[in-house]
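Peer 1: Predicted structure and sequence below. I'll ask about it afterward.
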Amino acid sequence: MITYLINSVLCSSILYLAYIFLLENENFHHFKRGFLLFSLIFSLVIPLIPLNIITLQILEIPKQTTVIFAELNEIQYTVNESIEQMATALSSNLPKNDTKINFWVIPGTVYLLVTAVLLFRFLLNIVSITRRKRQRIVLANQDVDIVLIKEKITPHSFGKYIFINREDYENKRITEEIIIHESSHIRQRHFLDIIFMELLIIFFWFNPMLYLYRNKIKLNHEFLADNAVIRENKNVSYYQTLLIGMACRQKSSIITSSFNFSLIKKRFIMMTKTTSKKKAYCRTLALIPILFAAIGLFTTKGLAQNSEISPNDSTHFELFQLEIELNQPSIYPVDIEKVKHVSGYGMRINPKTNKKSFHHGIDFAISEGEKVIATADGIVVDAKYEKQKGNYVTIQHNEIFSTLYSHLKSISVQVGDKLEKGQPIGYVGNTGYSTGFHLHYEVLKNGQNVNPIDYLPK
């Protein structure tokens, strides 16, 4: 999750910078609106997409392949090692006891509280707008409705409604340009963009890029509305004078499109800005390599075996096999000399149901409390209780191999712990669907169960 959030923030940062340098000061605002919204969705989705990297064998310098795998293994554990060191430093200052401390409780609680407050504020704004619409005079004006209210506010819009101070409207202080401006917000459905942004901020409030995106999206809305006014009324100077006058009064909800915007100077510049089709085309094309770079940098990486390596070259084939089998399970998960009975992999009569079923692992019948160890280096990806498995631990050893240890009496590791081969992970028990003290041990290769006996000492 942490890796996903970091990649999402970095991806949105790169696309934001691309917008600043290539698009922001150009006058093709509809495309800019689409790019900003696309960038947000892109940065949320791309880190979730897996990208398999095919490893190629270089016959001239075979030693490089081993170096590459070593570097990948080192990078894989860097983040988890840092977390482990931080947790160790924190726990050293706490009194020793048998209670397991979950260091994610505090940040999780803070996240939920902040999210709840932001969601409440959002709903409060929606309710406030609804009340204004229901309790005030509504005038039909073409395809929009004008809501007249007593409160001194700057004209703003939401949904299909334009909210205007009643006194200003009756005294003819609301010009046609203001109505056109707010009507364009409604026709182009800018309120949907704002709602989308507010919902993202509610659930991802810790991402600083979202607040920058929100500002740019709102500013671009004003550019679009200004263009609509200028198309109908060619008097730019008169319209700019109106904007300055309206800027003195600003009171509207954060989720509405308001006539005033803090960066009014940029709006003045953009009113007279023109962008040639050639320039717009070139700048749009410049975004393509940036998007491909983001895909390469922020997708979830995995390693895939290269099927083109020929087994006829025995030296290089053996090297390739060594790399694939590097860090695979290779020892017994319990002290084999203390094992009383073993139930193997394959079809058998289930001792719990007395029915024939496939057994996906090996059961080691052994006394309660005997130590269970990791059969290879790896990272703990699961450590919890489940009704069927009881207390269990899953270890990811590399991109290919993982192992599972279930029915434990107790667990002595946490998710994210980096383990070495032979390191204790828990103790033999009888939890979950079990008929006696034993360890159920599974080996998975590329996500599929395989016979664990193939990965035990002969």
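Peer 2: Perfect, thanks for sending it. Numbers count the residues shown, from 1 in each chain.
Peer 1: how would you label the residue lying closest to residue 405 once chain neighbours are set aside: helix, strand or coil?
Peer 2: Closest residue to residue 405 apart from its sequence neighbours, by C-beta to C-beta, 6 or more residues apart in numbering: residue 393 at 4.9 Å. All C-beta atoms are positioned from the backbone trio N, CA, C, and that covers glycine. Under DSSP: H, G, I helix; E, B strand; the rest coil, residue 393 falls in the strand class.
Peer 1: And the residue lying farthest from the centre of the chain, how close does it get to residue 165?
Peer 2: The outermost residue of the chain, judged against the average C-alpha position, is residue 171 (51.5 Å), by C-alpha atoms, centre = their mean. Residue 171 sits 10 Å away from residue 165, taking C-beta to C-beta, to the nearest Å as the criterion.
Peer 1: mind listing what residue 271 touches?
Peer 2: The contact partners of residue 271, by C-beta atoms under 8 Å, 6 or more residues apart in numbering, come to 226, 227, 230, 236, 239, 240.
Peer 1: now with 10 Å?
Peer 2: By C-beta atoms under 10 Å, 6 or more residues apart in numbering, the contact list for residue 271 reads 27, 223, 226, 227, 229, 230, 236, 237, 239, 240, 243.
Peer 1: Turn those into CSV, including secondary structure, pLDDT and neighbour count.
Peer 2: Shown next, in CSV, are the contacts of residue 271 (DSSP: H, G, I helix; E, B strand; the rest coil; pLDDT from 0 to 100; neighbours: other C-beta atoms under 10 Å):
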residue, secondary structure, pLDDT, neighbour count
27, coil, 89, 16
223, helix, 92, 22
226, helix, 90, 23
227, helix, 91, 15
229, helix, 90, 24
230, helix, 90, 16
236, helix, 86, 14
237, helix, 84, 8
239, helix, 85, 20
240, helix, 81, 16
243, helix, 79, 21
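Peer 1: can you redo those residues as CSV with distance to residue 436?
Peer 2: What follows is these, written out as CSV (distance: C-beta to C-beta, whole Å):
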residue, distance to residue 436
27, 77
223, 73
226, 77
227, 77
229, 81
230, 83
236, 86
237, 90
239, 84
240, 85
243, 81
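Peer 1: between these, which is nearest residue 382?
Peer 2: Lowest distance from residue 382 to the contacts of residue 271 (C-beta to C-beta) belongs to residue 223, with 50.0 Å.
Peer 1: circling back: next, count neighbours for the residue nearest to residue 405.
Peer 2: 26 (other C-beta atoms under 10 Å).
Peer 1: Residue 406: what secondary structure?
Peer 2: Under three-state DSSP, residue 406 comes out as strand.
Peer 1: So it sits against residue 364, correct?
Peer 2: No: if you go by C-beta atoms under 10 Å, residue 406 and residue 364 don't touch, sitting 11.4 Å apart.
Peer 1: Overlap of the contact sets of those two?
Peer 2: Here residue 406 and residue 364 have 372, 438, 439, 440, 441 as joint contacts, going by C-beta under 10 Å, 6+ apart.
Peer 1: Next, the buried residues of stretch 362-370.
Peer 2: For stretch 362-370, burial by neighbour count (16 or more other C-beta atoms under 10 Å) applies to 362, 363, 364, 365, 366, 370.
Peer 1: okay, among these, which ones form the most distant pair?
Peer 2: 362 and 370 (15.2 Å).
Peer 1: Now the element after the helix or strand of the chain with the lowest mean pLDDT, going C-ward?
Peer 2: Here the helix or strand of the chain ranked lowest by mean pLDDT, DSSP states H and E is helix 63-91, holding a mean of 47. Scanning forward in sequence from helix 63-91 by DSSP states H and E, the next helix or strand is helix 105-135.
Peer 1: same for that following helix, what does it pack against?
Peer 2: When contacts are defined as 3 or more C-beta pairs under 10 Å, 6 or more residues apart in numbering; DSSP states H and E, helix 105-135 sits against strand 144-149, strand 156-158, strand 161-165, helix 190-203.
Peer 1: nearest to residue 453, of the ones you listed?
Peer 2: That would be helix 190-203 among the helices and strands packed on helix 105-135, by C-beta to C-beta, at 46.9 Å.
Peer 1: Show me how far the closest one is from its chain's centre.
Peer 2: 17 Å (C-alpha atoms, centre = their mean, to the nearest Å).
Peer 1: now swap in stretch 431-439 and tell me
Peer 2: 38 Å.
Peer 1: CA atoms only: put that stretch into CSV for me.
Peer 2: Only the C-alpha atoms of stretch 431-439 are listed here, as CSV (Å, rounded to 0.1, in the frame of the first residue of the first chain):
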residue,chain,number,x,y,z
THR,A,431,-5.8,-23.8,15.6
GLY,A,432,-8.4,-23.6,12.8
TYR,A,433,-9.7,-26.8,11.1
SER,A,434,-7.3,-29.2,12.7
THR,A,435,-7.5,-32.6,14.4
GLY,A,436,-4.3,-32.5,16.3
PHE,A,437,-1.0,-30.7,16.9
HIS,A,438,0.8,-30.3,13.5
LEU,A,439,2.2,-27.9,11.0
